[in-house]
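here's a sequence, model it:
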Amino acid sequence: MKKIICTLALAAALLSCKAAQSTPTATVNDVKVAIDLVNVNDDKVMVTITPPAFTTEKVIFHIPKTVPGTYSEDNYGRFIEEVKAFDAKGNPLTITKTDENSWTISDAKKISKVTYLVNDSFDTETSGGIGGKDVFSPAGTNIEAGVNFMINTHGFVGYFEGKSELPYKITVSHPANLWGATSLTDTDPSADKDVFTTSRYAELVDHPIMYSKPDYTTFKVDDMEILISVYSPNGNYKAADITPAMETMMRAQKKFLGPVNATKKYSVLLYLSDMKKADAKGFGALEHTTSTTVVMPEMMPKAALLEQLKDVVSHEFFHIVTPLTVHSNEIQYFDFNNPKMSEHLWMYEGVTEYFANLFQVNQGLISEEDFYNRMVDKIEQSKRFNEKMPFITMSKNILDKQYKDSYYNVYLKGALIAMCIDIQMRESSNGEKGILDLMHALSSEYGSKKPFNDNELFAKITSLTYPAVGEFLKTYVAGETPIPYDKYFAKMGVTNAKVKKPGNPFIKNQTTPYITVDPATKEIQILPDVELNKFMTSLGIKNDDTILAINDTSYNLDNIYDLIMLSSGWKEGDPITVKIKRAGKEQTLKGKVSLPVDEIEGYQATDNAKAKLKESWLKG
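Numbering: from 1, shown residues only. Have a look, this model is predicted:
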């Protein structure tokens, strides 16, 4: 998973996990599911499940509490209502709700079908999943009759206790003008009905489907088919607008990965949220074995959108290495309603996030300086968390209240752990091997169907690499010692330096705002005591000025997020008009955008004697 959190004070990138696809033949001992997207009433979808025969007097029906990759208890059962069970004659059976996600059905031997209504999660979002209140949007659901259905299958389909390993046959009835984008294979030729089969419930959960009017592109990367499907409610974007950048990125990823190839088809399902109505607010992505669901704001400028997609989708795609290929028993045998978490989020999310940055410098998509800046940003943000907290302890207990707020750190310190292992391997092998070689070796050792035991992984990694790597894991991942990043950068001839990077007109160093909001009037004001940046001084903006409009668009508290997002796409020299209020009088300032420059702590290559070693790290 990768999250994007956007606030006034911070626009920071954050960053899910499963098994392989097959298309088994449905049998009499399968679970049949019917999803009706045609007769949608009151924004609710009817689901009918026909189970196999039961031999017990009672059976428990579950909707997931947690799904792989989200690392949060989202309780999808809260979106389900009117759960009913019937015998073959249509008589209702006794059913009792036992908790938020579970129902006990009596006379189980008589069950002919179970029906229920599904509400979507997008309409109820207030924060997009931040703080644990909402379902993270890419793991959520959308129901907009005749227009769009985001079907993360765990939000629509449940399982019977003891029957989750049986095959599933899913029939989706839908308006003929809507098309289901997915990596599943539709075996029904009808224009208004799709039929999919999976080998077990976990495989069904692993395959989202997005229904909307067809807007998609396909291309091949080696022997992998890539599908890009886009839903843009106001038509701001088409799949064709996204595809060139995605194709360039994914070709670079495949070249970087080498022989790793876990799937023959990969789908990117992009849902663009309309920020002017009740809609998804959690931006980022959730990975699956053969696809990723992505949610982004539709109003984001194209350049900014493509940049975010490059980071977010590349992160999800790299999950085909871990945990989709290399993972523990806790993931292989995931319990959707009583989950046991693995110790190794540093690998599942950290190595994945590191690869999503390393491949870009490796393949020439970003510069060395950009790469160092990204790592510096992760170092600075990770320091907001307890640096002495053992990472394996946090990971194992990530669902507990004491640890869940540390989850964001898996994309920060987790990626930095991976970087330091990479550096240590390069030094120990004289540049011959790095962490990608380690992941190839682990893939060969285990693979998607052979999980490892959590407590044996460090010993296995040490045997496949070097004693120094084992010491690093023991000291800095299992232990309480903060990582001395300068020491590891120095191994590659890289040392501390002041570096400059383009800034946002309204946020200094991505953390400190230049503006505030008057709660009484909702007006946006320049802070009275802040040192004005280049953008403001060049236009004549002063402290205490009220910003009323920019380029003929009015702004206040209600759409301040739009202003921050749009300003991230401004280019040096763009014409700009700013309407302000100063000392009670309105006036208009005209000029050109002059972007501020942030000076931050960073790193630069300074030791020429280690240039070859550094080259093997970043370009090898």
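
just the helices from the stretch 501-620 of the chain, written as ranges.
Along the stretch 501-620 of the chain, the segments classed as helices by DSSP state H, counting those that start in this stretch run 534-539, 560-567, 611-619.

remind me what the shortest one packs against, helices and strands.
The reference is to helix 534-539. strand 585-592 (3 or more C-beta pairs under 8 Å, 6 or more residues apart in numbering; DSSP states H and E). Using the backbone N, CA and C atoms, a C-beta is placed for each residue, glycine as well.

pull out the buried residues from the strand it packs on.
residue 589 (16 or more other C-beta atoms under 10 Å).

list the neighbouring strands of that strand plus their orientation.
Strand pairing for strand 585-592, using DSSP bridges, gives strand 575-582 (antiparallel).

what lies in contact with the partner strand?
Residues outside strand 575-582 that contact it (C-beta atoms under 8 Å, 6 or more residues apart in numbering) are 523, 539, 541-542, 544-552, 570, 586-593.

quick one: average pLDDT of that strand?
If you average the pLDDT over strand 575-582, you get 95.

can you give me the end-to-end span of stretch 287-300?
22 Å (C-alpha to C-alpha, to the nearest Å).

can you give me how far that stretch is from the chain middle?
Between the centre of stretch 287-300 and the centre of its chain there are 7 Å (C-alpha atoms, centre = their mean, to the nearest Å).

and the top strand by length along the chain, which residues are buried?
In the chain, taking DSSP state E as the definition, the longest strand is strand 31-41. Within strand 31-41, the residues scored as buried using 16+ other C-beta under 10 Å are 31, 32, 33, 34, 35, 37, 38, 40.

what does stretch 610-620 give?
Neighbour-count burial for stretch 610-620, counted by 16+ other C-beta under 10 Å, picks out 610, 613, 614, 615, 616, 617, 618, 620.

what's near enough to touch the spatially closest residue to the second one that is not a sequence neighbour?
If the residues on either side of it in the chain are set aside, residue 613 comes closest to residue 431, at 5.1 Å by C-beta to C-beta, 6 or more residues apart in numbering. Residues in contact with residue 431, defined by C-beta under 8 Å, 6+ apart, are 612, 613, 615, 616, 617, 620.

the next helix or strand along the chain from the longest strand of the chain pairs with which strands?
Note on strand 31-41: by DSSP states H and E, the next helix or strand toward the C-terminus is strand 44-50. Sheet pairing of strand 44-50 (DSSP bridges) gives strand 31-41 (antiparallel), strand 113-119 (antiparallel).

wait, residue 233 sits on residue 272?
Yes - contact criterion C-beta atoms under 8 Å: residue 233 and residue 272 qualify, at 6.8 Å.

of the two, who's got more company?
Between residue 233 and residue 272, residue 272 has the larger neighbour count (other C-beta atoms under 10 Å), namely 24 against 17.

the more buried one: what's it in contact with?
The contact partners of residue 272, by C-beta under 8 Å, 6+ apart, come to 230, 231, 232, 233, 236, 237, 295, 296, 297, 298.

and for residue 247?
Residue 247 neighbours (C-beta under 8 Å, 6+ apart): 219, 221, 226.

I'd like those residues as TSV, with secondary structure, neighbour count and distance to residue 320 appended.
Shown next, in TSV, are the contacts of residue 247 (DSSP: H, G, I helix; E, B strand; the rest coil; neighbours: other C-beta atoms under 10 Å; distance: C-beta to C-beta, whole Å):
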residue	secondary structure	neighbour count	distance to residue 320
219	strand	15	17
221	strand	18	12
226	strand	20	13
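
of those, closest to residue 102?
Checking the contacts of residue 247 against residue 102 with C-beta to C-beta, the nearest one is residue 226 at 38.3 Å.

may I have the phi/psi pair for the closest residue to residue 435 other than its chain neighbours?
Excluding its sequence neighbours, the residue lying closest to residue 435 (C-beta to C-beta, 6+ apart) is residue 422, at 4.0 Å. Phi and psi for residue 422, reported as degrees, to the nearest 10, are phi -60, psi -50.

what number of residues lie near residue 422?
Residue 422: 26 surrounding residues under other C-beta under 10 Å.

that one reaches residue 362, doesn't it?
No - applying C-beta under 8 Å as the test, residue 422 and residue 362 come out as separate, 11.2 Å apart.

residues near residue 55, how many?
Neighbour count for residue 55, taken as other C-beta under 10 Å: 8.

just to revisit the earlier point, quick check: neighbours shared by residue 422 and residue 362?
Contacts common to residue 422 and residue 362, judged by C-beta under 8 Å, 6+ apart, are absent.

any of the contacts of residue 272 buried? List them.
Buried members of those, counted by 16+ other C-beta under 10 Å: 230, 231, 232, 233, 237, 295, 296, 297, 298.

ok, now which ones touch the fifth one?
I take that to be residue 237. Listed by C-beta under 8 Å, 6+ apart, the contact set of residue 237 reads 230, 272, 298, 302, 305.

okay, who's weakest in these by pLDDT?
Taking the contacts of residue 237 together, the minimum pLDDT is found at residue 302 (89).

so the nearest residue to that one once chain neighbours are set aside, which of the three states?
Leaving out its chain neighbours, the residue that sits closest to residue 302 by C-beta to C-beta, 6+ apart is residue 241, at 6.8 Å. Following DSSP: H, G, I helix; E, B strand; the rest coil, residue 241 is assigned to helix.

tell me the spacing between residue 241 and residue 228.
Here the criterion is C-beta to C-beta, to the nearest Å. By it, residue 241 lies 10 Å from residue 228.
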